[in-house]
Structures are given as structure tokens and as C-alpha cells.
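[1] Fold the following.
(one chain, ligands or ions: 2)
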Amino acid sequence: MNYNIAVIEGDGIGPEVVNAAIEVLNTVGKKYKFSFVFKKVSAGGNAIDRFGTPLPKESVQTCLESNSVLLGAVGGPKWDILPGHLRPEKALLGIRKELELYANLRPARLLPELKDACPLRKEVADAGFDMIVVRELTGGMYFGESGRRDGKYGPEAYDTECYSALEVERIGVTAFELARSRGKKLISIDKANVLESSRLWREVMHRLAGKYPDVELSDMLVDNAAMQLVKNPKQFDVVVTSNIFGDILTDEASQITGSIGLLPSASLGETKRGMYEPIHGSAPDIAGQDKANPIATVLSAAMMLRLSLGQEDAARDVEDAVSRVLAKGLRTADIAAPGDDILPCSTMTKAILNAL
Ligand code: NAI
Ligand code: MG
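    Ligands and ions are numbered 1, 2, ... in the order given. Below is the predicted model of the structure:
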């Protein structure tokens, strides 16, 4: 078996963490007798510098012709002065839209080996948590009508949150199916006390619940959810929410696992092709210094093996290798406790390869 993977290294620490994941995929491929052809394509800030656009057409084409896409992160202060439509982030939004990747799965699990890195009270960390956020990815505020205009008191800017029932339904189905395969509990997070778009969201989720009598659906307002996440994260199993709420809540969830450098994600649509990326950004503050934690991207590659390539054994092997390395006490800077030796990205990667 040979897989074609489009690789978007992106900016900042993107190339460092993506190359770690490529080495892991090559190694696990050898072990399980499959191989990869990685096609590097340009997107984000580096594409702006080279081609004058954050997402060249050829890059989208290569992604469409591949089995899956592996992405580091895009953006950085260098491009912050550009107008909205030319910014690196447009590349991400563009690929998600072009590939119709409407479901973003973001697991946040406190690894038993990293309980000490959890900033919550010891009893809460000891109880553990293992949740997965299903975030809608191609609708809502990030894709709504936006602009500037002259208002009564001077210049104004606006962004609009709009969801169709169809968009809510398809992300709802993803979430209910996932809940069915896990703890049979689904929490839908919205702001239905204020937003009309959330009231539609809630209606559709409850209509869907009728088709999943084995799954227990409950609603939670997003502000309360932000609080509950740090108070009692164990109550969450599968969570479904909108694009913007999911963006914010998963950064919060990442911190209670210890570091954003640990958390992977998968973006899926109707086909097997997905995009896999860490949930963190390009971390300009540590870029080019071999300090990044490669685990989020390595675990994203494991999700790719499982969800797009159907290589469950290989996926589990990669996850086990990461756990064994952490169990040995190996730490990059973001997850180190005072007194720990701090490993560079490249050494952490070698340790994972050895564990494999
Ligand atoms: P960030 O996630 O890049 O960094 C936040 C903090 O976490 C920084 O202190 C960083 O050093 C640390 N961090 C992130 N990943 C890490 C890793 N693997 N190992 C160790 N430490 C890590 O978020 P920030 O600073 O808000 O954004 C930086 C740039 O990244 C911006 O231009 C932003 O637009 C872009 N970005 C891109 C994303 C993507 O491509 N998917 C997602 C989020 C932000
Ligand atoms: Mg984000």
C-alpha cells in the first residue's frame, strides 16, 4: 500500500513539527509494510512571500489529489500587517472550504504520564479526563459576511454568525455517531439565551437526538462550559459546538492537559480524505530554535493513520510510543517540571522513533 500525502509545513515551528511527523510515519510504515509519498506544497506566510497569495491554486489541487493532508501551522507577526483577505490564515480557511472539511475532531485527554503538568487541583487531575470536541469548521462567524462601514459614530466593523440547519445537522450527525461509539453522552455547547443562530443549532440537535435514543444529549451555554472545563472536566465526553466556540474552548482544554503542544486534530468531510494538524499555531516565539513539542503533530499523524488510511494498529502503535516516551520522563520545555532535563524537538522525535 502506498499513500500520497500533501504536506503543508507552513510557517514558524510548522516545518520542525511536520518533519517529526513525517519521520514517524515513514518508520511506522516500514514496520507495517506500507509507504508514503509526501508532496510538499506551499501555503500560508511562505506562500505569500513566494507567490503573493496565501493559498496558490496548485496547492489546493495537490491536496485534492492526495489521500490526506498533513499541516504544521501558518502565520506569524511578519504578515500581521496584511489586509484580512491576504493573511496566512486565509490559507487554512480556504483548504477547509475547498476540501469541504466541515468536522474538526479535537481530542483532549490528560495522559496519565502527564498528571503533574495539569494545572488543575490534584483531585481533579487524579480523576483524569478524556474528551473530544467536535467543532464545526466551515460555517459560522469565520465564514460569515463581514466588512467595514461608516456608522453613526464613525467607522464600524462587523462579522456575522450564520448557520444553516443543514450545516448544523451534518456536524450533529458526526457528533452523535462519535458519542454512540464512546460514552453515549453528548454535550452541545451554544449561546441560545442570546443568539438566534444558537437557537437554530439547539433545535436541530434536539431533532437529531430523536434518531439516537441511545445517546444522552444535553445543552450547555458556552460561558458556563468555559467554567465547567476547569472546574470539572471529567463531566465531558463528546462535545459538539460551533466554529468560534470550538476554537476558543479547545485552546482552554489544551491547557488542562498540560500543553497545547500535545493536542492533535483531524478535519473531515464526506470522503476519507482529511486534514491533520496540531491545534497550536506557528509559535513564532520559539520558531527555528528546535524547542517545539512535536507530539501534537505526531498524534495528528496517528489520527490520519486511523481515520483516513484505516491503519488502526499502526495508529495505536504511534500513540503507545508517545506514551512510553512520556512515561520515561522525557520532556520538551512546554511540559517540563522544574528540575527536569529539557529535550529539543529533534531529540524528542528520535526518542519516539526509537520507541517505535
Ligand atoms: P500558538 O499556538 O502559535 O502559540 C501559543 C503559545 O504556545 C506560545 O507561547 C507558543 O510558544 C506555545 N506553543 C505552541 N505550540 C507549541 C509547541 N508545539 N511546543 C511548545 N510550545 C508551543 O498561538 P499564537 O501565539 O496565538 O499564534 C501564533 C501564530 O500562529 C499567529 O500568526 C496565529 O495566527 C497562528 N496560528 C495558526 C494556527 C494554524 O495554522 N492552525 C492556529 C493558531 C494560531
Ligand atoms: Mg485557534
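
[2] tell me the SS of the most centrally placed residue in the chain?
    Residue closest to the average C-alpha location in the chain (CA atoms, centre = their mean): S265, at 3.1 Å. Using DSSP: H, G, I helix; E, B strand; the rest coil, the structure places S265 in strand.

[3] wouldn't it be in contact with A108 here?
    No - contact criterion CB atoms under 8 Å: S265 and A108 do not qualify, at 10.1 Å. Placement of C-beta: from N, CA and C, glycine included.

[4] Can you check which residues contact both of those two?
    T250 (CB atoms under 8 Å, 6 or more residues apart in numbering).

[5] Could you tell me which residues of the stretch 1-150 of the chain lie near ligand 1?
    When proximity is defined as CB under 6 Å from any ligand atom, the stretch 1-150 of the chain approaches ligand 1 at I13, V17, A73, V74, G75, G76, E89, L92.

[6] For those residues, name the two members farthest from one another.
    Every pair in those was compared (CB to CB); the two farthest apart turn out to be V17 and E89, at 18.0 Å.

[7] More neighbours: these two, which one.
    Under the criterion of other CB atoms under 10 Å, the comparison of V17 against E89 puts V17 first, with 31 against 16.

[8] For L356, see how far away the more buried one is.
    If you measure V17 against L356 using CB to CB, to the nearest Å, the figure is 17 Å.

[9] With L166 instead?
    With the distance defined as CB to CB, L166 ends up 42 Å from L356.

[10] and if you look at L217?
    When distance is defined by CB to CB, L217 is 39 Å away from L356.

[11] who are the neighbours in contact with the closest residue to ligand 1 within the stretch 151-300 of the chain?
    Closest to ligand 1 within the stretch 151-300 of the chain is G281: 2.4 Å, counting by CB to the nearest ligand atom. Taking CB under 8 Å, 6+ apart as the contact definition, G281 lies against G12, A73, G75.

[12] Who wins on neighbours among these?
    Note: the member of the contacts of G281 with the most neighbours is A73, at 30 neighbours, neighbours being other CB under 10 Å.

[13] List the buried residues for stretch 344-356?
    If you call a residue buried by 16 or more other CB atoms under 10 Å, then stretch 344-356 has these buried ones: P344, C345, M348, T349, A351, I352, L353, A355, L356.

[14] export those residues to JSON lines and tack on secondary structure?
    As requested, those are exported to JSON lines (three-state DSSP):
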{"residue": "P344", "secondary structure": "coil"}
{"residue": "C345", "secondary structure": "helix"}
{"residue": "M348", "secondary structure": "helix"}
{"residue": "T349", "secondary structure": "helix"}
{"residue": "A351", "secondary structure": "helix"}
{"residue": "I352", "secondary structure": "helix"}
{"residue": "L353", "secondary structure": "helix"}
{"residue": "A355", "secondary structure": "helix"}
{"residue": "L356", "secondary structure": "coil"}
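
[15] Kindly indicate which of these lies nearest ligand 1.
    Nearest to ligand 1, judged by CB to the nearest ligand atom, of those is C345 at 7.8 Å.

[16] returning to what we had before: from the contacts of G281, which land in helices?
    With helices taken from DSSP state H, there is no overlap with the contacts of G281.

[17] Mind putting those residues into JSON lines with pLDDT and distance to G246?
    As requested, the contacts of G281 are exported to JSON lines (pLDDT from 0 to 100; distance: CB to CB, whole Å):
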{"residue": "G12", "pLDDT": "98", "distance to G246": "22"}
{"residue": "A73", "pLDDT": "97", "distance to G246": "17"}
{"residue": "G75", "pLDDT": "96", "distance to G246": "19"}
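
[18] and of the residues you listed, the nearest to V133?
    Within the set of the contacts of G281, A73 lies nearest V133; the separation is 18.3 Å, counting by CB to CB.

[19] Name the nearest residue to the closest one, ignoring sequence neighbours.
    For A73, ignoring the flanking residues on the chain, the nearest one in space by CB to CB, 6 or more residues apart in numbering is S282 at 4.2 Å.

[20] in the stretch 51-200 of the chain, what residue is nearest ligand 1?
    When you check the stretch 51-200 of the chain against ligand 1 by CB to the nearest ligand atom, the closest residue turns out to be G75, at 2.9 Å.

[21] how close does that residue get to E203?
    Here the criterion is CB to CB. By it, G75 lies 36 Å from E203.

[22] Which parts of the stretch 51-200 of the chain are helices?
    Secondary structure of the stretch 51-200 of the chain by DSSP state H, counting those that start in this stretch: the helices cover 57-64, 89-98, 122-127, 165-181, 196-209.

[23] nearest to T271, of those?
    Comparing the helices of the stretch 51-200 of the chain by their distance to T271 (CB to CB), the top pick is helix 57-64, with 10.1 Å.

[24] What is that closest one packed up against?
    Secondary structure elements in contact with helix 57-64, counted by 3 or more CB pairs under 8 Å, 6 or more residues apart in numbering; DSSP states H and E, are strand 2-10, helix 89-98.

[25] Report pLDDT for the most far-flung residue of the chain relative to its centre.
    Distance from the C-alpha centroid of the chain peaks at K152, with 39.9 Å (CA atoms, centre = their mean). Per-residue confidence (pLDDT) for K152: 96.

[26] Helix, strand, or coil at Y212?
    When the rule is three-state DSSP, Y212 gets the label coil.

[27] relative to strand 2-10, how tilted is the helix of greatest length in the chain?
    Ordering each helix of the chain by length in residues (DSSP H) puts helix 14-32 first. With axes from the mean of the first three to the mean of the last three CA atoms, to 10 degrees applied, the angle from helix 14-32 to strand 2-10 works out at 160 degrees.

[28] Appreciated, that's everything.
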